[in-house]
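# A structural model of the following input is requested.
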Amino acid sequence: MSDNIKAKVLNDSVIVCGHPRSGTSITCQLVESADVHFPSDYEGDEYNEAGYYELEISKDLSKKLIKKAMTIKNTIKMNQVIEKLNAQEGTSGLKLVRIPALFFYRHVATNLKTVFIFRNPADVKASLLRRGISSFEPDWFTNNNALIAAHENVEDSILLSYETLLSNKSKVEKLFKTIDLDIDVSLIKTDQRSQKHSNIVLEEKEIKLYEKLKELESKNL
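The predicted structure is shown next:
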């Protein structure tokens, strides 16, 4: 990397991480209610009425970071993302669905808070298929293994399931307060769930990982 191309510092940010269709958008909506500002290039649709809370440049960068890490080009792109985030009034928010990319932001961030959200892999896959998406990279197993590693390495972070988010508002509210986020739980609507109790067949390793995630969540709640 050239000496005159250095990564900028990310100030006061909340990053929401989770595999697609795991509840990342409603989680961002909750974080936003705590006066966190998400720059976004995507409006809502029938699948996410409140919007997607994503930046196009960040989505593209995440793919490249996972493949090639902090090249000069990726550092320049990350700086552009960080400039957008730092330009927000107060605390900024960023959504990442390719979870390994979080580690690159973590190394350049000060006062970083992270919210990790996961969901039953059968329902995730069924929900993706409803949208015509048969695969996603990283896959659910790889992405959520990275989620566990990230949660272990980001001190100011919380971990919760989509199922808990929809079913236990009081616990969710208390959990967010542990990272000083006072959210509006009235935004949680149980009819938002797009898929429930899917019979899609899972691999044994996916079942075991989901059980591990629920075990880790229970220690937080």
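# so what's the residue count around Lys64?
Residues within reach of Lys64, counting by other Cβ atoms under 10 Å, total 16. C-beta here means a position set from N, CA and C on the backbone, and glycine is covered the same way.
# that one: which element?
helix 56-68 (DSSP states H and E).
# buried sites along that helix?
58-59, 61-62, 64-66 (16 or more other Cβ atoms under 10 Å).
# before we move on, what about stretch 100-114?
Result for stretch 100-114 [16+ other Cβ under 10 Å]: buried residues 100-106, 108-109, 112-114.
# show me the two of these that sit farthest apart.
Pro100 and Lys113 (18.8 Å; Cβ to Cβ).
# ok, Glu43 touching Ser25?
No. Between Glu43 and Ser25 there is no contact under Cβ atoms under 8 Å: 11.7 Å.
# between the two, who's got more neighbours?
Applying other Cβ under 10 Å to Glu43 and Ser25 shows that Ser25 carries more neighbours, namely 25 against 10.
# ok, now how distant is the more buried one from Ser62?
Per Cβ to Cβ, to the nearest Å, Ser25 is found 16 Å from Ser62.
# what's the longest strand anywhere in the chain in contact with?
Secondary structure of the chain per DSSP state E: the longest strand is strand 109-118. With Cβ atoms under 8 Å, 6 or more residues apart in numbering as the test, strand 109-118 has contacts from 9-19, 22-24, 27, 31, 102, 105-106, 144, 147, 150-151, 154, 156-162, 165, 176, 179-181, 210, 213, 217.
# tell me which strands that strand pairs with, and in which orientation.
Applying DSSP bridges, strand 109-118 is found paired with strand 10-17 (parallel), strand 157-161 (parallel).
# from the chain's centroid, how far away is that strand?
How far strand 109-118 lies from its chain's middle: 8 Å, per Cα atoms, centre = their mean, to the nearest Å.
# go on, stretch 115-125?
In this view, stretch 115-125 has its centroid 11 Å away from the chain centroid, taken as Cα atoms, centre = their mean.
# before we move on, what about stretch 151-170?
That offset, for stretch 151-170, works out to 11 Å (Cα atoms, centre = their mean).
# same deal with stretch 196-213?
On the basis of Cα atoms, centre = their mean, stretch 196-213 is displaced by 19 Å from the centre of the chain it belongs to.
# stretch 79-96 now?
On Cα atoms, centre = their mean, the centre of stretch 79-96 falls 15 Å from the chain's centre.
# buried residues in that stretch, which are they?
Buried residues in stretch 79-96, counting neighbours by 16+ other Cβ under 10 Å, are found at 79, 81-82, 85, 88, 91-96.
# so where's the longest helix in the protein?
Longest among the helix segments of the chain by residue count, using DSSP state H, is helix 204-220.
# could you give the mean pLDDT of that one?
Here helix 204-220 scores 96 as its mean pLDDT.
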